[in-house]
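>>> Fold the following, please.
(2 chains)
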Protein chains: 2
Amino acid sequence: MRRRYRKIDLPVSTIRRYLEPGPIVLVSSAWQGETNIMTMGWHTVMEFVPSLVGCVIAAGNHSFELVRRSGECVINVPTTALTDEVVGIGNTTGASIDKFERFKLTADPAERVAAPLIRECHTNLECKLADGSLIERYNFFIFEVVKAHVATAPKYPETLHYTGDGVFMISGRIVSRRAQFRPGML
Amino acid sequence: MRRRYRKIDLPVSTIRRYLEPGPIVLVSSAWQGETNIMTMGWHTVMEFVPSLVGCVIAAGNHSFELVRRSGECVINVPTTALTDEVVGIGNTTGASIDKFERFKLTADPAERVAAPLIRECHTNLECKLADGSLIERYNFFIFEVVKAHVATAPKYPETLHYTGDGVFMISGRIVSRRAQFRPGML
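Model (predicted):
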């Protein structure tokens, strides 16, 4: 069931908590009045300060040109409440449908980019292109996260992790090993 | 409890199943008679053919020079049976200890690289550096997976996913939505 999240702004240096575990994400984009959403599973945190995220947006995606031309996107983290939407968004193209309308998602205005936030997602990361040098060769975009909107609860959302072949792993239990870490490693 | 895996070679184009869900991995390396192991959470699949994986190995790690100079590594996927070892490896440095010895892990010879396979891990991916152009700027290595050794069971291993602050998410249940996918998207 969908829920309404209360969100707060978090320091962008802390967003590894939401991306490093490897969830499938929804990338929203906007260019010249058009918006789109795509699913993405190929991403990695690259740095804390500045807050960098690298990801592959294949050139065949309708979103590719919207992101490349605008140099912006929002990385949204959906929970299992949006499983049908994640699958549907990944199996349709923005060339022929309006995905916000088709999947009944709400486009909220972002603060630092023109791409919209997806209200129904747990986490929304506003991103600006920081380095496009590997786009031509690998479709690899390096973004700086410039603003992070995160739901106050749950602290550890139930996320979808794609394994290929239409199969998802759902995030499971949380285990702290904090007591075994050296202070400098936390 | 540790188990003995029976492993087979899989086509390197299929390894997204093990990396895309976002597990913490153990990177093993070798250079001039020295070996090391480090934990790594910042990685992403980048291409199927050739099989490319991008990852960040911070320059402060003892493994950095071993990997950079040799241009090789093995990416090993541990399960929750190795949780203590993962934490221990991430909180010690190869500059002062032999991690294979300290953590009672077995270094098996690889076929295509000098870096050793960690026998106790579910998946071992032999990697050669494919593109080092972003190492200097971001500590970002792009590897080609040249050989994949994967346990025949379990098909979906119980993996560790790092969230920061000493806290791990453990992989949970598997859900197939294959019937909702367009054939071309599988």
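>>> State the number of residues packed around the closest residue to chain B within chain A.
Residue nearest to chain B within chain A (C-beta to the nearest C-beta): A:Gly22, separated by 1.2 Å. Bear in mind the C-beta positions are built from the backbone N, C-alpha and C, glycine included. When counting by other C-beta atoms under 10 Å in any protein chain shown, one arrives at 28 neighbours for A:Gly22.
>>> and it, what element?
Assigned by DSSP states H and E, A:Gly22 belongs to neither a helix nor a strand.
>>> got a list of contacts for the helix or strand harbouring A:Gly54?
Here A:Gly54, judged by DSSP H and E, is contained in strand A:52-56. Defining contact as C-beta atoms under 8 Å, 6 or more residues apart in numbering or on different chains, one finds that strand A:52-56 is touched by A:15, A:19, A:27, A:40, A:42-46, A:75, A:125, A:127, A:130, A:138-145, B:44-47, B:54, B:138, B:140.
>>> same check, this time on stretch A:157-165
The contact list for stretch A:157-165 (C-beta under 8 Å, 6+ apart) reads A:18, A:21-24, A:39, A:41, A:77-80, A:83, A:86, A:122-123, A:151, A:168-171, B:14, B:16-17, B:20-22, B:156, B:161, B:171, B:174, B:176, B:178, B:186.
>>> which regions of chain A sit below the pLDDT cut-off?
Where chain A drops to pLDDT under 70, the residues are A:1.
>>> need the helices for it, in chain order.
A:16-19, A:62-70, A:83-90, A:99-102, A:135-138 (DSSP state H).
>>> Which residues are in contact with the residue nearest the centre of chain A?
Closest residue to the average C-alpha location of chain A: A:Ile75 at 2.6 Å, with C-alpha atoms, centre = their mean. With contacts defined as C-beta under 8 Å, 6+ apart, A:Ile75 is in contact with A:19, A:25-27, A:40, A:43, A:53, A:55, A:124-125, A:127, A:143, A:145.
>>> how about JSON lines for these, with neighbour count added?
Listed next are those as JSON lines, based on neighbours: other C-beta atoms under 10 Å in any protein chain shown:
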{"residue": "A:Leu19", "neighbour count": "24"}
{"residue": "A:Val25", "neighbour count": "27"}
{"residue": "A:Leu26", "neighbour count": "26"}
{"residue": "A:Val27", "neighbour count": "27"}
{"residue": "A:Met40", "neighbour count": "22"}
{"residue": "A:His43", "neighbour count": "26"}
{"residue": "A:Val53", "neighbour count": "25"}
{"residue": "A:Cys55", "neighbour count": "25"}
{"residue": "A:Asn124", "neighbour count": "25"}
{"residue": "A:Leu125", "neighbour count": "28"}
{"residue": "A:Cys127", "neighbour count": "30"}
{"residue": "A:Phe143", "neighbour count": "27"}
{"residue": "A:Val145", "neighbour count": "24"}
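>>> Let's see which of the residues you listed end up in strands.
A:25-27, A:40, A:43, A:53, A:55, A:124-125, A:127, A:143, A:145 (DSSP state E).
>>> If we only consider these, which is nearest to A:Ile97?
A:Leu26 (15.1 Å; C-beta to C-beta).
>>> For the residue lying closest to the closest one once chain neighbours are set aside, grab the count of nearby residues.
Nearest residue to A:Leu26, sequence neighbours excluded (C-beta to C-beta, 6 or more residues apart in numbering or on different chains): A:Asn76, at 4.4 Å. The burial count assigned to A:Asn76 is 25, neighbours taken as other C-beta under 10 Å.
>>> swap in the one 4 residues further on?
Residues within reach of A:Thr80, counting by other C-beta under 10 Å, total 15.
>>> one step back: pretty sure the residue nearest to A:Leu26 contacts A:Asn124?
Yes - the pair A:Asn76 and A:Asn124 passes the contact test of C-beta atoms under 8 Å, sitting 5.2 Å apart.
>>> Show me the common contact partners of the two, please.
A:117-118.
>>> Return the most buried member of the helices of chain A.
Per residue and on average, the most neighbours among the helices of chain A fall to helix A:16-19, with a mean of 22 (mean count of other C-beta atoms under 10 Å in any protein chain shown).
>>> what pairs with the residue nearest to the centre of chain A across the strands?
A:Val27, A:Leu125 (DSSP bridges).
>>> still on that earlier bit, in contact with the residue of chain A closest to chain B, which residues are there?
Neighbouring residues of A:Gly22 by C-beta under 8 Å, 6+ apart: A:41, A:161, B:20-23, B:161.
>>> quick one: it and A:Ala130, what's the gap?
Separation of A:Gly22 from A:Ala130 (C-beta to C-beta, to the nearest Å) stands at 21 Å.
>>> One more: A:Ala179?
36 Å.
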